[in-house]
Every structure is written in structure tokens, then in C-alpha cells.
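S.K.: here is a sequence together with a model predicted from it:
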Amino acid sequence: MLPEIEEKVTRGERLNREEGLFLFHHHHLPEIGALADAVRRRKHGERQITYVIGRNINYTNVCWVRCKFCAFYRPPGSPEGYVLTHDEIFQKVSELMDIEGTEVLMQGGLNPKLSLWNSG
Ligand code: SF4
């Protein structure tokens, strides 16, 4: 089915549901990337690629949930647990702004000692 999809992409035609599902299950990422790049080039020109500079700030690694796949968390009471101070968080935001970053993602564990309602 991939050759037919490539032809549709080249002609600028919209893919149907079955073709979309085929690509979803297709495991050769470079081929999908090449198709996506072809669409980008057609819509936005050869040399126009946009992106944002973002920073993921992990304000705490303490978490009670204990997801099996997670290597990030430390359980409550662990000596390796941390919580960033407001100053540390603002410093990281400032570093981001210094390089003209525009996106901050606040991400952390579910720390039972932190709460939006008692942070004062
Ligand atoms: S930090 Fe997130 S992914 Fe890791 S154990 Fe906690 S809830 Fe799960």
C-alpha cells in the first residue's frame, strides 16, 4: 500500500482512513518521515522549518504512584528525593528566556507534601 500512498502524497491528495491506519502501524519511521517531509516542503517551501525552544522543569522527583516503567521517581522519604525551590524554578525559567525560549512544561512526581492548595 505504501507506493499508492506515496503517489497520493506526491499529487497532494488527502489520505483515507485505511491509508492513515496503514501508516500508523507501519514501523519504518524513515519512510514515514520522508512522506511527512514531502508534505512540509510542498506546503511551506524547501527551507522553512519552524520549532519552539522549550524546557521541561521537573520540580520534584518524589512520587507515591510507583509506575513500573518509571526510572525517574523516588518514593516519599528517599534520601534521593528533591523538591526545587521557587528560586530554582525561576532560575530555570530565566535561563530559558535568555535563549529566547517560549515554552515551559512543569512536570513532576505526585509528591504528597506538595499541594496546590497549601503552597501559600
Ligand atoms: S513520576 Fe509519573 S510516571 Fe513516575 S511514578 Fe510518578 S506518576 Fe508514575
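M.R.: It's in. Quick caveat, the model's predicted, so the values are computed rather than measured. Numbers count the residues shown, from 1 in each chain.
S.K.: which outside residues touch the lowest-mean-pLDDT helix or strand in the chain?
M.R.: Ranked by mean pLDDT, DSSP states H and E, the weakest helix or strand in the chain is helix 29-44, scoring a mean of 90. Helix 29-44 has contacts (CB atoms under 8 Å, 6 or more residues apart in numbering) with 2, 5-6, 9-10, 12, 23, 26, 49. C-betas here are computed from N, CA, C, even on glycine.
S.K.: grab the nearest non-local neighbour of Val9.
M.R.: Closest residue in space to Val9, ignoring its immediate chain neighbours: Leu35 at 5.2 Å, by CB to CB, 6 or more residues apart in numbering.
S.K.: up against the ligand, what does the protein have?
M.R.: 63, 65-67, 70, 72-73, 109-110 (CB under 6 Å from any ligand atom).
S.K.: same thing but 8 Å
M.R.: 61, 63-67, 69-70, 72-73, 108-110 (CB under 8 Å from any ligand atom).
S.K.: got TSV for these, with secondary structure and pLDDT too?
M.R.: Converted to TSV, those look like this (DSSP: H, G, I helix; E, B strand; the rest coil; pLDDT from 0 to 100):
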residue	secondary structure	pLDDT
Asn61	coil	97
Cys63	coil	96
Trp64	coil	95
Val65	coil	95
Arg66	coil	95
Cys67	coil	97
Phe69	coil	96
Cys70	coil	97
Phe72	coil	97
Tyr73	coil	97
Gly108	coil	95
Gly109	coil	96
Leu110	coil	95
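S.K.: ok, now which ones touch Glu95?
M.R.: Arg55.
S.K.: phi, psi of it?
M.R.: Per-residue torsions, Glu95: phi -60, psi -40 (degrees, to the nearest 10).
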